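K.L.:
mind folding the following:
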Amino acid sequence: IRSGWRYAGVHGVGSHGLRLFIEKLEGHMQANPNVLTLDFVRESRHGFAHGTMTGAVPDVVEGILKYNLYVPINLRRALAIEPDNCRQNYVEACFKFIGPVKTLLDQGVKVVGEFEIGRPNPETYFDIFDVYVNREMEIGAGTGATAPERYGEGEVYNPEEGVDRVVALKLFTHRSAEFLYAESMIGSLEVGKYADFVVVDKPYLSGPDREIRDNKTIMTVLANEIRYKDPDYNPTSQ
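P.N.:
Residues are numbered from 1 along each chain as shown. Here you go, the predicted structure:
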């Protein structure tokens, strides 16, 4: 950082870890004031990974906003592993630290959608969007848990931190593109950007929130080539 490099993609899981980063950043700014000006730091878009227990602690949020830090939150991972961590090692108040997506967004923090995909399937993305909206996880599925097959069969954590489906989508498109310095090329379908897109089985922007997980990808187009097509998807020409 002192040499002007960007810090990104390194674990930033808990609130105190973020606090320590901010303290170190400020120390480097004092040591190298000619390079690490406030404007330079803000334009660097420093950021982290995972963010499962960030909380929304006032002094940490203040530093995040001041230095324009990006906070990826892997909410599926957070809700799959951190509740047991809280039960075993901390106290009940620990739960409010688990992926407070809405609170951070309302305070102006640049939250980035994050999740890991080992073996993706057509339903993967919608299960993840569902988690950001409904915050419901399978019971007894361990660290690999995701949204349950049916709404109401899982456990809901901090439902007040759920976001609407438009925000959930933008966390993985607009905001992710910003974090990659790629907003001029990807992140939305606009003239001058790459025209990669997916076709989905049901309208994502309408319908009950409890049915988000029931959607799936039926075609993927990348660089003007069809990369995936559901065998049952047979569109007809109009």
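K.L.:
please make it C-alpha for all contacts and neighbour counts, starting now.
P.N.:
Noted.
K.L.:
what's the biggest helix by length in the chain packed up against?
P.N.:
If you go by DSSP state H, the chain has its longest helix at helix 15-31. Contacts defined by 3 or more Cα pairs under 8 Å, 6 or more residues apart in numbering; DSSP states H and E place helix 15-31 against helix 58-66.
K.L.:
which neighbouring elements make contact with the helix it packs on?
P.N.:
So helix 58-66, by 3+ Cα pairs under 8 Å, 6+ apart, packs with helix 15-31.
K.L.:
just the CA trace of the helix or strand just after the longest helix of the chain, in CSV.
P.N.:
Next helix or strand after helix 15-31 toward the C-terminus (DSSP states H and E): helix 38-44. Coordinates of each C-alpha in helix 38-44 appear next as CSV, following Å, rounded to 0.1, in the frame of the first residue of the first chain:
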residue,chain,number,x,y,z
LEU,A,38,-6.8,11.0,0.4
ASP,A,39,-7.9,11.3,-3.3
PHE,A,40,-5.4,8.7,-4.4
VAL,A,41,-6.5,6.3,-1.7
ARG,A,42,-10.2,6.8,-2.5
GLU,A,43,-9.5,6.2,-6.2
SER,A,44,-7.6,3.0,-5.4
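K.L.:
list the buried ones in helix 38-44?
P.N.:
Neighbour counts over helix 38-44 (16 or more other Cα atoms under 10 Å) mark 41, 42, 44 as buried.
K.L.:
going along the chain, name the helices of the chain.
P.N.:
Going by DSSP H, the chain shows helices at 15-31, 38-44, 58-66, 75-89, 101-106, 124-134, 165-172, 174-179.
K.L.:
of the ones you listed, which is nearest residue 225?
P.N.:
helix 124-134 (20.4 Å; Cα to Cα).
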